[in-house]
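In: Sequence first, then the predicted structure:
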Amino acid sequence: MLDLADLRKSFPATETGGARVEIVRVPAFALGAGEQTALRGESGSGKTTFLHLIAGILAADSGRVTVDGVAMTSLGEAQRDRLRAQKLGYIFQTFNLLQGFTVLENVQLGMAFGGGVDKARARELLGRVGLGHRFNHFPNQLSTGQQQRVAVARALVNRPKLVLADEPTGNLDRVHSRAALELIREVCRESGAALLLVSHDEEVLRQFDRVREFGELNEVTR
Amino acid sequence: MTLPLLIYRSLRQHALSTLVTAGSIALACGLLMTVWMVKTQSQEVFTSTNTGFDAVLGARGSKLQLVLNAIFHLESSPGNLELSDYEEIRKHPAVRAAIPLAVGDNYRGYRLAGTIPDLFTTVEYAPEKAFTLQPGGAFFKLGTREAVAGSFAAAQLKLKVGDTFHPYHGLNFNEESVHSETYTVTGILAPTNTPADRVIWIPIEGIQKMSGHAAASAGQISAVLIQLRSPTAGFALDQLYNKQGNRLTFAFPVGAIIAELFGKISWFDQVLTLVAYLVAVVAAASVLASIYNSMSARRRDLAILRSLGARRRTIFGAVVAEAAVIGALGAVAGFAVYFGLLAGVARLIQAQTGVVLEVFAGHQVLWICPLAMIGLCALGGVVPAMKAYRTPVAESLSPVS
């Protein structure tokens, strides 16, 4: 499902007078279909950049990322956008819901740029995450846990092959964190999506059978 | 569904600035359409208004003043001519009808015009349109102190058949210069939408022999309104009175003389049009500024949309379309401004000249202007759209873990 090799990314840094500093150098990483893997890593270790590279939000300096058999790194930006819209779901730590849109609209936007909007699917998924009665509410009318559930529904509504979750429980308390994680894993399992989750929370990581150290994966921080 | 949703939600989120900006577009669009319509309509209406006459004969002086005074009942008379001059032209073989006109008095600011009943019975003020009276009225008879009021004057002065009034001396109302004669209203003219509506018509000798007027004026008139048998006859009379003679002025053709007036004041039109164009540009710039200023606040939303797979060109298109929708909202509201303004201006022009502008008349400017405004707004949206297009996704999805 996900296969990457020699992935590198650097940014110009002010500390070095504008010279580029390498943030990510991952020789190899793979994730099978339906597989759920957690990456352990400290803040600032380049985990988010790594996920952005996989999602095609950032273009790699070099290397190859293949998602569901498509070499994302060889695609132009518009094609990467399309691939992301069709095959990827992304859950952010801060949820990144659009505040001016209703719950239902937020979820519909998760499939609007891919294969088209399926309102029934959006409603069904919101029902699945326990928000069937909140379609027309706005994000600021929801609790933090409910907002996270909307984000989960949005990430999964386009039936992605791969779900990327960046500290998805970082803004939740212990009780909500556990529930949200269970929900993400369960919905991914039901839809057959592979899950790559990054976190530095041991409580979260303990629930995964397969946990990789990002520090070992990323040669920059090794 | 996505693009309309993005536009709708964005407009809702910035409802106040949307309203203010659309309001400025409405004002600009309405103003532009009003200026254009007043300009074109008034030129059309004024140059085609001749109250049924081809020419005016009057004392030596300005043709324009003569036409304004005799046809539009504006301005003062350039002077008087003798009754013999009237008789002479009346009998000219090229003249179909000649109606004498004497002015010099008013009733509460509305001009009294002395004439003969033939004006109402033999002349059509427009093709196949003769003067008619409102029910219950009658035209005045010569040698009496009877009056027929134009419809607008009667409405403004609340005159009705049977009412009496004392004329005032001069063309401008001065309460102290009242004449002793008492006139009785015998009829109210049906509306003609011509300057005749603003006049109170009385028998010609009423003006000539009004108490306090100079004795010499008894044998004089202010102008002669002339209908020609053929347009070419006008050129012969022009030669006769204007080039060979030096005592009288023959104003012909009436429409061309009024067109000269519009030519003289075309700079004013141009200034008005320029102001309206500037207002339109400022309104479009306000769309640019309004959306551009909101871009910083929308940076994160745009990045989220991009992270969901929205392409740069989708974002670009959404911002341009949003600007165009603001333009469209403004253009629609602009019609309310337009109808309000034009109705006001039309009323003013009617009150001043008797000429009526048609508020609901169609013209190509009524679709060109709104479309141009929408286009201009869309153009104004390009700058913020470029900013949106360039939004760095990863940086804007802050805070990062």
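Out: It's in.

In: make it CA atoms for all contacts and neighbour counts henceforth
Out: OK.

In: Chain A contacts on the stretch 251-400 of chain B?
Out: Within the stretch 251-400 of chain B, the positions near chain A by CA under 8 Å from any CA of the partner chain are B:301, B:304-312, B:393-394, B:397, B:399-400.

In: which of the residues you listed has the weakest pLDDT?
Out: Lowest pLDDT among those: B:V400, with 41.

In: mind showing which ranges of chain B have poor pLDDT?
Out: Applying pLDDT under 70 to chain B flags the ranges B:1, B:398-401.

In: domain ranges for it?
Out: Using automatic domain parsing, the domain parsing of chain B gives B:2-46+B:265-396, B:55-252.

In: Just put those in CSV and tack on mean neighbour count and distance to A:V163.
Out: Shown next, in CSV, are the domains of chain B (neighbours: other CA atoms under 10 Å in any protein chain shown; distance: least, CA to CA, whole Å):
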stretch, mean neighbour count, distance to A:V163
domain B:2-46+B:265-396, 20, 12
domain B:55-252, 19, 76
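
In: could you redo those as CSV and give each row distance to A:R174?
Out: What follows is the domains of chain B, written out as CSV (distance: least, CA to CA, whole Å):
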stretch, distance to A:R174
domain B:2-46+B:265-396, 27
domain B:55-252, 82
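
In: anything in the worst-scoring helix or strand of chain A on mean pLDDT near chain B?
Out: Within chain A, no helix or strand scores below helix A:174-191, which has a mean of 85 by mean pLDDT, DSSP states H and E. No. Using CA under 8 Å from any CA, helix A:174-191 stays clear of chain B, coming no nearer than 15.8 Å.

In: taking the residues of the stretch 251-400 of chain B next to chain A one by one, which sit in helices?
Out: B:D301, B:I304, B:L305, B:R306, B:S307, B:R312, B:V393, B:A394 (DSSP state H).

In: Of the residues you listed, just say which sits nearest to A:P160.
Out: B:S307 (13.9 Å; CA to CA).

In: list the contacts for the closest residue to chain A within the stretch 101-250 of chain B?
Out: Closest to chain A within the stretch 101-250 of chain B is B:N193: 54.6 Å, counting by CA to the nearest CA. Applying CA atoms under 8 Å, 6 or more residues apart in numbering or on different chains to B:N193 gives the contacts B:G354, B:V355, B:V356.

In: these two touch, right, A:V157 and A:V107?
Out: Yes. Applying CA atoms under 8 Å as the test, A:V157 and A:V107 come out as touching, 6.9 Å apart.

In: State the distance from the residue lying closest to B:G150 once chain neighbours are set aside to B:L248.
Out: Nearest residue to B:G150 in three dimensions, chain neighbours excluded: B:D197, at 3.9 Å (CA to CA, 6 or more residues apart in numbering or on different chains). Applying CA to CA, to the nearest Å, the value for B:D197 to B:L248 is 28 Å.

In: could the contacts of B:N193 be laid out in TSV, adding secondary structure?
Out: Shown next, in TSV, are those (DSSP: H, G, I helix; E, B strand; the rest coil):
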residue	secondary structure
B:G354	coil
B:V355	coil
B:V356	coil
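
In: Just name the closest of the residues you listed to chain A, please.
Out: Distances from chain A to the contacts of B:N193, taken by CA to the nearest CA, are shortest for B:V356, at 50.1 Å.

In: residues contacting that closest one?
Out: B:V356 makes contacts with B:V45, B:N193, B:T194, B:A346, B:R347, B:I349, B:Q350, as judged by CA under 8 Å, 6+ apart.

In: please redo it, this time with the cut-off set to 7 Å
Out: B:N193, B:A346, B:Q350 (CA atoms under 7 Å, 6 or more residues apart in numbering or on different chains).

In: what's next to the helix or strand harbouring B:P370, contact-wise?
Out: Element membership for B:P370 (DSSP states H and E) is helix B:365-389. In this structure, residues lying in contact with helix B:365-389 by CA under 7 Å, 6+ apart are B:29, B:33, B:284-285, B:287-288, B:291-292, B:295, B:312-313, B:315-316, B:319-321, B:323-324, B:327-328, B:331.

In: Return the subset of those residues lying in helices.
Out: Using DSSP H, the contacts of helix B:365-389 in helices are B:29, B:33, B:284-285, B:287-288, B:291-292, B:295, B:312-313, B:315-316, B:319-321, B:323-324, B:327-328, B:331.

In: so what strands line up beside the longest strand out of those in chain B?
Out: For chain B, the longest strand by residue count, based on DSSP state E, is strand B:95-107. Partner strands and pairing direction for strand B:95-107 (DSSP bridges) are strand B:110-115 (antiparallel), strand B:168-169 (antiparallel), strand B:223-228 (antiparallel).

In: List the contacts of that strand.
Out: So strand B:95-107 is contacted by B:86, B:90, B:111-116, B:119, B:167-173, B:204, B:207, B:221-229 (CA under 7 Å, 6+ apart).

In: where's the residue nearest to B:V281 when sequence neighbours are not counted relative to B:G327, distance?
Out: The shortest distance from B:V281 to any non-neighbouring residue, by CA to CA, 6+ apart, is to B:L376 (7.8 Å). For B:L376, the distance to B:G327 equals 8 Å [CA to CA].

In: Number of residues surrounding A:S199?
Out: When counting by other CA atoms under 10 Å in any protein chain shown, one arrives at 24 neighbours for A:S199.

In: And for the one 10 residues further on?
Out: The tally of other residues near A:D209 (other CA under 10 Å) stands at 10.

In: Tell me the secondary structure at the residue nearest to it when sequence neighbours are not counted.
Out: Using CA to CA, 6+ apart and skipping the chain neighbours, the partner closest in space to A:D209 is A:T37 (7.5 Å). Following three-state DSSP, A:T37 is assigned to strand.

In: who does A:T37 bridge with?
Out: Note on A:T37: beta-bridge partners A:L196, A:R210, judged by DSSP bridges.
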